[in-house]
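Peer 1: I'll drop the sequence and a predicted model, then ask my questions.
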Amino acid sequence: MEGEVAALVAAAADGDQRAWDALVGRFNGLLWSIAAGYRLQVGEDADAVQNTWLRLVEHLDRVADPEHLGSWLATTVRRECLQILRRRRRIGYSTDTEDLDAVPDDAPDLDAALLDDERDAALWRAVERLSERCRRLLRVLMATPPPSYAEVSAALDMPVGSIGPSRQRCLAALRTLAGADAVLGAEGGTEWAT
Amino acid sequence: MSGIGPVDPDDALVERLRSIAAQVDPPPAHVDELARAAFSTRHVDELARILFDSAAEDAAPVRGAADEARVVTLAAEGVTAELELARSPDGLRLRGYVTGAEGDIIVESPRGRTRVALGDDGWFAHDGPPVALLRIALTARDGRRVRTPWLDL
């Protein structure tokens, strides 16, 4: 699969739109998940993702390490998101972008309403109540297809070695918030069998 | 991912979250579309190097004023460009001075391209809506096309 990405990069550098589309198909879910972790305004998240792809087009002939394209993209979209937050602060669109909890956010409930399964909806709402760090980590981890730890590390600027422990801690916090019995009882079943 | 398999409760929970996220917050179709369309911005033009950027972290002593102008100096073989960029919620103000180029300047953002006349004195000016990303393309006197990298505004 890794070699496949390198081959797609080479083909895209040769002008092959289908190879490019395949790269988009492989990584756009990851980029979107990373941007989603920053609670940007509607449209800004799309800008961050698109700017990342524009930068890849620009660098296509000089991708130093195509095997690690996912990490490069993850780093780039993280920087785009931070740049958007900095710019907003500089221009004064928002009083304090760090004060994320002060931003009223109706989206989680609207999103959750799309779910038929009430336990899934409760779980999704619990994700929104996690700490910023945990929410951002879990949002990246739930990208489709599943990201590698190297990509998660690049997405969060976090050492690979601390992803596992953080993941464990954040999932425990999520279980507590969600109310493990009510929300997680039907989760697959097998792991709860005694 | 951890290799333990689907019976690990943490893995199972992450998989369940993945399936929820895929339902309620997948990349919107237009984001996928823009990503595929980004390929059409590909050019084989020569890429100018940034020699100086006042917005670079080690070159920004003062921050804060909304109308502060950013200065970027770029060069390619036989061509130089000095750009002054001021961005506000109302719009973008770009002033440029180039040497070694002729013909029109193309000002490009992710939303489109604008052709701007280059004066005999080497200056050009462009005022437009606010954009997040911008680059310019110009023609060197010997006919080579030169493009700047994307500049984050």
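Peer 2: Sure thing, it's come through.
Peer 1: quick one, helices of chain B?
Peer 2: B:9-24, B:29-37 (DSSP state H).
Peer 1: kindly compare burial across those and name the winner.
Peer 2: Of the helices of chain B, the one with the most neighbours on average (mean count of other C-beta atoms under 10 Å in any protein chain shown) is helix B:9-24, at a mean of 18. Just so you know, the C-beta spots here come from the backbone N, C-alpha and C atoms, and that holds for glycine as well.
Peer 1: which helices and strands does it pack with?
Peer 2: helix A:118-129, helix A:132-141, helix A:163-178 (3 or more C-beta pairs under 8 Å, 6 or more residues apart in numbering or on different chains; DSSP states H and E).
Peer 1: is any residue of the longest one near chain B?
Peer 2: Yes - against chain B, helix A:163-178 shows contacts by C-beta under 8 Å from any C-beta of the partner chain at A:164, A:167-168, A:171, A:174-175.
Peer 1: wait, which of the residues you listed is closest to chain B?
Peer 2: Taking C-beta to the nearest C-beta as the measure, chain B lies nearest A:L171 of the residues of helix A:163-178 next to chain B, at 5.2 Å.
Peer 1: that closest one contacts A:M142, correct?
Peer 2: No - between A:L171 and A:M142 there is no contact under C-beta atoms under 8 Å: 11.1 Å.
Peer 1: hang on, the earlier thing: put the buried members of the residues of helix A:163-178 next to chain B into a PyMOL selection.
Peer 2: Selection of buried members from those for PyMOL, criterion 16 or more other C-beta atoms under 10 Å in any protein chain shown:
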select buried, chain A and resi 167+171+174+175
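Peer 1: any chance of the helices of chain B in JSON lines, with mean pLDDT too?
Peer 2: Shown next, in JSON lines, are these (pLDDT from 0 to 100):
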{"stretch": "helix B:9-24", "mean pLDDT": "95"}
{"stretch": "helix B:29-37", "mean pLDDT": "94"}
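Peer 1: nearest to A:L54, of those?
Peer 2: Among the helices of chain B, the nearest to A:L54 by C-beta to C-beta is helix B:29-37 (9.3 Å).
Peer 1: bridging residues for B:R93?
Peer 2: B:A86, B:D127 (DSSP bridges).
Peer 1: if I look at it, how far off is B:V107?
Peer 2: Distance, B:R93 to B:V107, using C-beta to C-beta, to the nearest Å: 12 Å.
Peer 1: can you give me the strands in chain B?
Peer 2: Using DSSP state E, the strands found in chain B span residues B:46-47, B:49-53, B:69-76, B:79-88, B:91-99, B:101-109, B:112-116, B:123-128, B:133-140, B:145-147, B:151-152.
Peer 1: surely A:A173 and A:L130 touch.
Peer 2: Yes - counting by C-beta under 8 Å, A:A173 touches A:L130, with 6.0 Å between them.
Peer 1: count of residues packed around the closest residue to A:G179 other than its chain neighbours?
Peer 2: Spatial nearest neighbour of A:G179, excluding adjacent residues (C-beta to C-beta, 6 or more residues apart in numbering or on different chains): A:A122 at 7.6 Å. By the criterion of other C-beta atoms under 10 Å in any protein chain shown, A:A122 has 17 neighbours.
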